[in-house]
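Pasting the sequence and the predicted model now:
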Amino acid sequence: MTIQEWLESPSKQRTLLAKVEYLNNGAQTAYLSTAPFVSLPDDLPANIAFDDFILESPTFSKSMAIFSNGSTASRSALTLFADESLTPLFLGNVFKRQVTYLLGDEEWRLSDFVVIAKQLAERVTARNDEYSIELRDPSLKLDKVIDTGTFATGVNAGKSKPICIGEVFNIEPMLEDAATHKYCVNYISVEDVVEVRDNGLAISINKNNADGSFTLNQAPVGRITCDVKGAKPATHIQYPGDVITWLLTTFVGETVDNIADLSALPLYKVGIYQREPRTVRTVIDTICKSIIGYHMYARNGQFVAKIMPAITGIPAHALTLDDIVEDGVSVRKTIEPASQVTINYKQNHTPQNDGLAGGVSAENRELFSQQYQTKTVVNNLVDYPDASPITRNTCLVDEVDAGAVAAKLAGMYSVKRIIHKVHGLAAPFLFDLGGEVIFYYWDFSLSAGRNAIIIGLEDNPVDGEVTVELWS
């Protein structure tokens, strides 16, 4: 019997094991379960008793941030019987320590159990005879602030150095040394400082791409701005997959092995510049929203980023009336069509409506005054003559890429969309974000079935309950 066949068998008793890491006089691990279980001498770890102190298993939830303002680390809790042997865990430090869950049959050996999820603990609380470990999904790691170091001296002493990624237009560099007129565009080396301007007019400089800086040949007259091909840790990074991988390995500490293959992400050039500290999550959210993508940590703890798929009409799974609990379908949200979609790209990081030198051409005056370049796709909506337009800011750089995103987003907003919430019973791991399903219900004109994309998921693999949010 395969693991999937076992999971789909309602007669099988599922046992959940949890390995909870914590600090108390050094690194420790608590071994917990929903039923008594002991690993065998040739298991790893060997001869370990998993105490059956789990009173309530956690739910595992994740969702796409495509239709919201940004992603968040989902919350859940692992409820335990407050046995005296767990006192060291209660008194220890669990913050951001890993909790690993395995699922299997209590008659199996430990090596046959399957890792179903990894989470990060926040704290342990106590109430009556219970301990509750408050948990977040692994994306909590993304809330780490990007540390670029600070300026040691000068007018910006103590302030964070800027970070420049991809290709950026008309940024305002940070003054590093007033006496030598040295400016910093990035905290590490860059591919190239393409052009530097003083009040909009190009000037000559001495570049130091290896240092992420340049020096003026004379004192500035007015505002200094520049165009830059940014961070070059080894090679110039400018595409979503490369940038995300670099952010995760550099600032989060992820290994490449813990990042899923991101080569399927589109090769759209991006441009990001920040002078104030931001979190890794904020930057990855910006990239994913710009390419109509989403990111998450998979059940095995691996980081994943993908593009929002289109509905193909070829579902991988079906949810029928037999799978859905009574009154288990509701409409969570409707999304009205848009008359047109405008994608803002090639951000002007320093809009200049005045103060430009007299020699700046009319064309460049207009270019320097606009915050973005735009690409618009119009929808022909016969049934929605009063539909409103939508505009999305992106970190995209090229017009062709912006046009591709605008066309895809316009298609998503070309008809009325519905987000259904479905509560049902299903074998664990049957569904995942981005999967296509067909679901049937007696209400909401769903009797003939409706194809949809999973954009939200909450499941409990022990009891087989699942709640999915479906976009169609």
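Structure's in. What do you need? As the structure is a prediction and not an experimental result, all values here were calculated from the model.

mind checking the end-to-end distance for stretch 202-214?
When the termini of stretch 202-214 are compared using Cα to Cα, to the nearest Å, they are 14 Å apart.

Show me how far it is from its chain's centre.
34 Å (Cα atoms, centre = their mean, to the nearest Å).

I'd like the numbering to begin with 49 instead of 1 from here.
Sure thing, new numbering starts at 49, so read that last one as stretch 250-262.

List the buried residues of it.
For stretch 250-262, burial by neighbour count (16 or more other Cβ atoms under 10 Å) applies to Ile251, Ile253, Asn256, Asn257, Asp259, Gly260, Ser261, Phe262. For the C-beta atoms, the positions are set from N, CA and C on the backbone; glycine is no exception.

Contacts made by whatever helix or strand the last one lives in with the rest, please.
Going back to what we said before, that points to Phe262. Assigned by DSSP states H and E, Phe262 belongs to strand 261-264. With Cβ atoms under 8 Å, 6 or more residues apart in numbering as the test, strand 261-264 has contacts from 221, 224, 228-233, 241, 244, 246, 251, 253-256, 272, 274.

Packing partners of the next helix or strand after it?
With elements assigned by DSSP H and E, the helix or strand that comes after strand 261-264 is strand 272-279. Applying 3 or more Cβ pairs under 8 Å, 6 or more residues apart in numbering; DSSP states H and E, we find strand 272-279 packed against strand 211-219, strand 238-246, strand 319-322.

Which PyMOL command selects the buried ones in the contacts of strand 261-264?
In PyMOL syntax, the buried subset of the contacts of strand 261-264 is picked out as below (16+ other Cβ under 10 Å):
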select buried, resi 221+224+229+230+231+232+233+241+244+246+251+253+256+272+274
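
Just the ones in helices from the contacts of strand 261-264, please.
Taking DSSP state H, every one of the contacts of strand 261-264 sits outside helices.

Now go through the contacts of strand 261-264 and say which are in strands.
Those of those mapping onto strands are 224, 230-232, 241, 244, 246, 253-256, 272, 274, per DSSP state E.

Go through those and say which is closest to Met460.
Nearest to Met460 among the ones in strands among the contacts of strand 261-264 is Cys274, at 36.2 Å by Cβ to Cβ.

Bridge partners for the closest one, pull those for me.
On the basis of DSSP bridges, Cys274 is bridged to Ile219, Val244.

Now the phi/psi pair for Leu158, please.
When read as degrees, to the nearest 10, the backbone of Leu158 gives phi -60, psi -40.

what about the helices in the stretch 299-448 of the chain?
Along the stretch 299-448 of the chain, the stretches classed as helices by DSSP state H, counting those that start in this stretch are 328-338, 410-417, 447-460.

any idea how far the last one is from the chain center?
Using Cα atoms, centre = their mean, the mean C-alpha position of helix 447-460 is found 21 Å from that of the whole chain.

One more: the shortest one?
Here helix 410-417 is found 35 Å from its chain centre; the criterion is Cα atoms, centre = their mean.

mind listing what's buried in it?
Burial within helix 410-417, assessed by neighbour count using 16+ other Cβ under 10 Å, is assigned to Asn412, Leu415, Phe416.

Next up, the contacts around the last one.
Applying Cβ under 8 Å, 6+ apart to Phe416 gives the contacts Asn218, Gly248, Asn396, Pro399, Gln400, Leu404, Val408.

Quick check, pLDDT for the last one.
At Val408 the predicted local distance difference test score is 94.

Check the second one too.
Gly248 is assigned 97 on the pLDDT scale.

got CSV for the helices of the stretch 299-448 of the chain, with distance to Val203 too?
Listed next are the helices of the stretch 299-448 of the chain as CSV, based on distance: least, Cβ to Cβ, whole Å:
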stretch, distance to Val203
helix 328-338, 26
helix 410-417, 25
helix 447-460, 36
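
which of those is buried the deepest?
Of the helices of the stretch 299-448 of the chain, the one with the most neighbours on average (mean count of other Cβ atoms under 10 Å) is helix 328-338, at a mean of 22.

Residues in contact with it: which ones?
Helix 328-338 is touched from outside by 113-114, 118-119, 187, 189-194, 213, 288, 291-292, 295-296, 299-300, 316, 318, 320, 322, 341-343, 353, 440, 442-444, 453, with contacts defined as Cβ under 8 Å, 6+ apart.

now for the longest strand along the chain, which elements pack on it?
Taking DSSP E as the criterion, the chain has its longest strand at strand 162-175. Applying 3+ Cβ pairs under 8 Å, 6+ apart, we find strand 162-175 packed against strand 63-71, strand 108-111, helix 135-139, strand 146-152, strand 178-184.

Go again with 7 Å.
In terms of contacts (3 or more Cβ pairs under 7 Å, 6 or more residues apart in numbering; DSSP states H and E), strand 162-175 is packed against helix 135-139, strand 146-152, strand 178-184.

CA atoms only: put it into PDB for me.
Provided in PDB are the C-alpha atoms of strand 162-175 (Å, rounded to 0.1, in the frame of the first residue of the first chain):
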ATOM      1  CA  VAL A 162       6.100  11.200   6.100                       C
ATOM      2  CA  VAL A 163       7.100  14.800   7.000                       C
ATOM      3  CA  ILE A 164       3.900  16.800   6.400                       C
ATOM      4  CA  ALA A 165       4.800  20.200   7.600                       C
ATOM      5  CA  LYS A 166       7.300  22.400   9.300                       C
ATOM      6  CA  GLN A 167       6.500  25.400  11.400                       C
ATOM      7  CA  LEU A 168       8.200  28.000  13.700                       C
ATOM      8  CA  ALA A 169       7.300  28.400  17.300                       C
ATOM      9  CA  GLU A 170       6.600  31.700  18.900                       C
ATOM     10  CA  ARG A 171       5.900  31.000  22.600                       C
ATOM     11  CA  VAL A 172       4.400  28.400  25.000                       C
ATOM     12  CA  THR A 173       1.500  29.400  27.100                       C
ATOM     13  CA  ALA A 174      -0.200  27.500  30.000                       C
ATOM     14  CA  ARG A 175      -3.800  27.300  31.000                       C
END
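
pLDDT weak spots in this structure?
Along the chain, the parts satisfying pLDDT under 70 run over 49-50, 52, 58, 115-117, 475-476.

Try it again at 80.
Residue ranges of the chain with pLDDT under 80: 49-60, 113-121, 474-478, 509, 512.

What are the structural domain limits within it?
Domain assignment for the chain by automatic domain parsing gives 51-189, 365-383+464-519, 386-460.

quick one: contacts for Glu69?
Going by Cβ atoms under 7 Å, 6 or more residues apart in numbering, Glu69 touches Ala75, Thr77, Arg145, Gln146.

most surrounded residue in those?
Tallying neighbours with other Cβ atoms under 10 Å puts Arg145 at the head of the contacts of Glu69, with 19 neighbours.

Contact partners for that residue?
Glu69, Tyr70, Leu71, Ala169.

Which two among those residues are spaced furthest apart?
Pairwise distances across the contacts of Arg145 peak at 10.8 Å for Leu71 and Ala169 (criterion: Cβ to Cβ).
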